[in-house]
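1. model this:
(2 chains)
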Amino acid sequence: MDPVLLSRIQFAANISFHILFPAITIALAWVLLYFKLRFNRSGDAQWMAAYRFWVKVFALSFALGVVSGVTMSFQFGTNWPGFMQVVGNIAGPLLAYEVLTAFFLEATFLAIMLFGSERVSNRVHTLATVLVAAGTTFSAFWILALNSWMHTPAGFEMRDGVAHATDWWAVIFNPSMPYRLTHMLIASGLTGAFLVAGVSAYRWLQGDRKPDVLAAMRTGTYLAALLIPVQILVGDLHGLNSLEHQPAKVAAMEGLWKTERGAAAVLFGIPDEQERKTHFEIAIPKLASLYLVHSWEGEVKGLNEFARHPPVAPVFFAFRLMVGIGVLMLLVSWATAWRLYRTGEPGTRHARVLVAMTFSGWLAVLAGWYTTEIGRQPWLVEGVLTTAQAATTAPGAMIALSLTMYLVLYAALIAAYVSVLFYLARKAGKEGPPEEPILGTSTPALPKEAANA
Amino acid sequence: MPDLSAPAGWLPVVFMVLMGISMLAYVVLDGYDLGVGILLRRAADPEKDLMIASIGPFWDANETWLVLGIGILLVAFPLAHGVILTSLYLPVAVMLLGLILRGVAFDFRAKARAHHKPLWDRTFYAGSLIASLAQGTMLGLTVVGFDYSVTNLAFALLIGFGLAAGYALLGATWLIIKSEGELQLKAVRWARASLWLTALGIAGVSIATPLVSTRIFDKWFSLTVLPLLLPIPLATAILFFVVERSLRRLPKRLSEGNEYGAWIPFASTVGIFFLAFYGLAYSLFPYLVIDRITIWQAASAPESLMFILVGTAIVLPAILGYTVFAYRVFWGKTRQLTYG
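-> Numbers count the residues shown, from 1 in each chain, chains lettered A, B, ... in the order given. Below you'll find the model as predicted:
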């Protein structure tokens, strides 16, 4: 098989698997800090209990993120040697800063956060939690700077076919970076919020009515209800930014073939690249022009204007999936938040919906990434380097072998992760009410969990 | 050799040193926790928890040195990164499989259903062993310049076993420091068993490297430098002797509750790794791919290296500082780990 296609599938598989876990841990780290601070201020044991449960989920998610992240760092070289040869001068420093400012910080202080509460003061333990949360966010900052640069490269010049930085500030804060970073951080917030709300609802449905379960459910639901309208706004701004810099991508997202004034917003349809039209189109007239150029009669460029444009169908569907989940998130979080606010309890139906939405963040994140990354094709770095130019010379059979290995492994690990997550939730339900806090005292209050690494 | 007073001359050297430090830090630090993983199968069930607890707070940061080392190769020497990793495609994939299995088993074993724990323990053992063997094989293939002949492959696999034994030695001597009682005595026995295979691996690399390349042969065996270089193999031999003697004496002393010298085997093993690494680095310099690509040919643009160097100079001392802090927090004999 074609090594380029195989490399793309393998990289997509790896990065898709990887992003699931940072999407959780970036937000969950801050949620844990929130639990910790609430406990520090009130001394209320429910916050410590919530912290203790979710820190386990955090540790597990973090471990999966680390191991899949190590894999990624090798695949730049094994599968995309051309990437580093052409844009290594730009990509390299950004990756280096991620390792230096984020990875060591997270890894070292995670140990203190997880296992150190009896060995350091509460103040240092809180500080460790802050540093882990900051580390996860720094990591997102650098990697999104690099990713954004691949979409909207700036601050460089080409010499002898190799990119050289001329202005690091422009490289890092390239045109799409502020939008993409914000969009991703909020996406992580939503992923974490629905995970916390969903697993808490699951515990509640299992009959686990301890105060920390409701506290966590409320935290997750309110956080989601707060973030989703902001996300819709930021997503719209991000789209406008893409329209300015990557109009072909936006045309593919909209399924718009011909340049039009007063372009319609296509709700659904089946794009056909052979016939260059969208079948079974359901559309609202003039709406796309309104939200893209803010005028009913504004002109939007169609795909036919571009000599090279991304494959239309995957971008078109992925975008609709993301928006669809976003709308669902809005409805569910607001309805549940209202109910929790009014009655203090979720009710069986709300709880079941929350459980169903536990991993909705994952779907939305993946759909969003597919939209933007496939939307960048055929470029690897927009206007600088195509994907095919960067691919490895390793034989297809070898890539097929490693790809199969990764796919089997990742499927098994996701199954194990989800199963253990709900197992932990059930196990927590069988334990007694939250113990007295151990911090600040010398007697450990939890039964020793053997080597709970 | 290019003009070392110009940035394009000295920056690659600085980054080679930084990469060397990261790789050595990785080999020693992740080496002991991979080693503990390799030894896990030989321990009784209650001991397993303690063994895992002894590396629990450290393994993640230890592995980050690999990301930094490979990251520096990637960012400072992109040309060599592509060549090396494409040449090592399969062993790298196998190593990653091992590291993934190990990393997740570590967490799953404590959180999954109790009857799945033995399965995750076996996964942890297998992952540690696979990663170690693959890393040794990669080292062997690097030494022979990525020339895939049957003899070279056999040699690389031998180095694979040698490095796995070296990691087991590091792991066992680490456990001597961190454990007590029966487990500690077992660790002494494990260390003795892995000592000779480690020596064989180091001897293998030392003999093979000059044979692969006449340039390296000349670098070592000329009358002007040989007296200066002789201390390297000599000191290595002495350290092996020190470890051996210490391991012979420790069981009696430890069973009397006397911890005196319990850290000697670990410290000496680290010394052995340091010397072996130094010797190898001397052989390779200034090549990243033996006799094909030098550090200057493979280096990134000076303005990029400078940008990284500024950050490194600020951040690396901080990293070292809080790493020392973390080791101090978890200093002393390992107890069971609890969350909180």
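2. what strand or helix carries A:L380?
-> Using DSSP states H and E, A:L380 sits in strand A:379-381.
3. sorry, that was for B:A267
-> Using DSSP H and E, B:A267 falls in helix B:264-284.
4. which strands and helices sit next to that helix?
-> Contacts defined by 3 or more C-beta pairs under 8 Å, 6 or more residues apart in numbering or on different chains; DSSP states H and E place helix B:264-284 against helix B:7-39, helix B:150-178, helix B:181-212, helix B:214-220, helix B:231-255. Where you see a C-beta, it was placed from the backbone N, CA and C, and this is true even at glycine.
5. ok, and does the first one reach over to chain A?
-> No: in terms of C-beta under 8 Å from any C-beta of the partner chain, no part of helix B:7-39 sits within range of chain A; the closest distance is 9.5 Å.
6. buried residues, that helix. List them.
-> B:11-13, B:15-16, B:18-39 (16 or more other C-beta atoms under 10 Å in any protein chain shown).
7. and what of stretch B:234-254?
-> Across stretch B:234-254, burial judged by 16+ other C-beta under 10 Å covers B:T236, B:L239, B:F240, B:V242, B:V243, B:E244, B:S246, B:L247, B:L250, B:L254.
8. possible to save these as a markdown table with distance to chain A and pLDDT?
-> Shown next, in a markdown table, are those (distance: C-beta to the nearest C-beta, whole Å; pLDDT from 0 to 100):
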| residue | distance to chain A | pLDDT |
| --- | --- | --- |
| B:T236 | 30 | 92 |
| B:L239 | 29 | 94 |
| B:F240 | 32 | 93 |
| B:V242 | 31 | 94 |
| B:V243 | 28 | 93 |
| B:E244 | 31 | 93 |
| B:S246 | 28 | 92 |
| B:L247 | 26 | 91 |
| B:L250 | 25 | 88 |
| B:L254 | 22 | 86 |
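9. the closest residue to B:A191 other than its chain neighbours: what's it in contact with?
-> Excluding its sequence neighbours, the residue lying closest to B:A191 (C-beta to C-beta, 6 or more residues apart in numbering or on different chains) is B:A172, at 3.8 Å. Shown in contact with B:A172 (C-beta atoms under 8 Å, 6 or more residues apart in numbering or on different chains): B:G35, B:L39, B:A187, B:V188, B:W190, B:A191, B:S194, B:P265.
10. if we can go back for a sec, looking at the helices and strands packed on helix B:264-284, which has the lowest confidence?
-> Here the helices and strands packed on helix B:264-284 differ in mean pLDDT, and the lowest is helix B:214-220 at a mean of 83.
11. next helix or strand past that helix?
-> Downstream of helix B:214-220, the first helix or strand assigned by DSSP H and E is helix B:226-229.
12. run a quick neighbour tally on A:R339.
-> A:R339 has 17 neighbours, counted by other C-beta atoms under 10 Å in any protein chain shown.
13. A:F319 too?
-> 24.
14. B:P227 now?
-> B:P227: 8 surrounding residues under other C-beta under 10 Å.
15. work out for me the element A:I282 sits within.
-> Here A:I282 is assigned to strand A:277-284, by DSSP H and E.
16. would you mark the buried spots in that strand?
-> Neighbour-count burial for strand A:277-284, counted by 16+ other C-beta under 10 Å, picks out A:T278, A:A283.
17. picking that back up, format the helices and strands packed on helix B:264-284 as JSON lines; extra columns: distance to A:L363.
-> JSON lines is the format used below for the helices and strands packed on helix B:264-284 (distance: least, C-beta to C-beta, whole Å):
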{"stretch": "helix B:7-39", "distance to A:L363": "35"}
{"stretch": "helix B:150-178", "distance to A:L363": "41"}
{"stretch": "helix B:181-212", "distance to A:L363": "46"}
{"stretch": "helix B:214-220", "distance to A:L363": "55"}
{"stretch": "helix B:231-255", "distance to A:L363": "54"}
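18. tell me what the helix or strand following the strand holding A:I282 is packed against?
-> Next along the chain after strand A:277-284, taking DSSP H and E as the criterion, comes helix A:287-293. Applying 3+ C-beta pairs under 8 Å, 6+ apart, one finds that helix A:287-293 contacts helix A:211-245, helix A:247-254, strand A:265-272, strand A:299-300.
19. each with direction, which strands does the next helix or strand after the second one pair with?
-> Towards the C-terminus, the helix or strand next in line after helix A:247-254, according to DSSP H and E, is strand A:260-261. Using DSSP bridges, the strands paired with strand A:260-261 are strand A:299-300 (antiparallel).
20. outside of the strand it pairs with, which residues touch it?
-> A:243, A:250-251, A:254, A:256, A:259-261, A:263, A:288-289, A:292-293.
21. could you rerun that using 6 Å?
-> Strand A:299-300 is contacted from outside by A:R261, A:A263, A:S289, A:L292, using C-beta atoms under 6 Å, 6 or more residues apart in numbering or on different chains.
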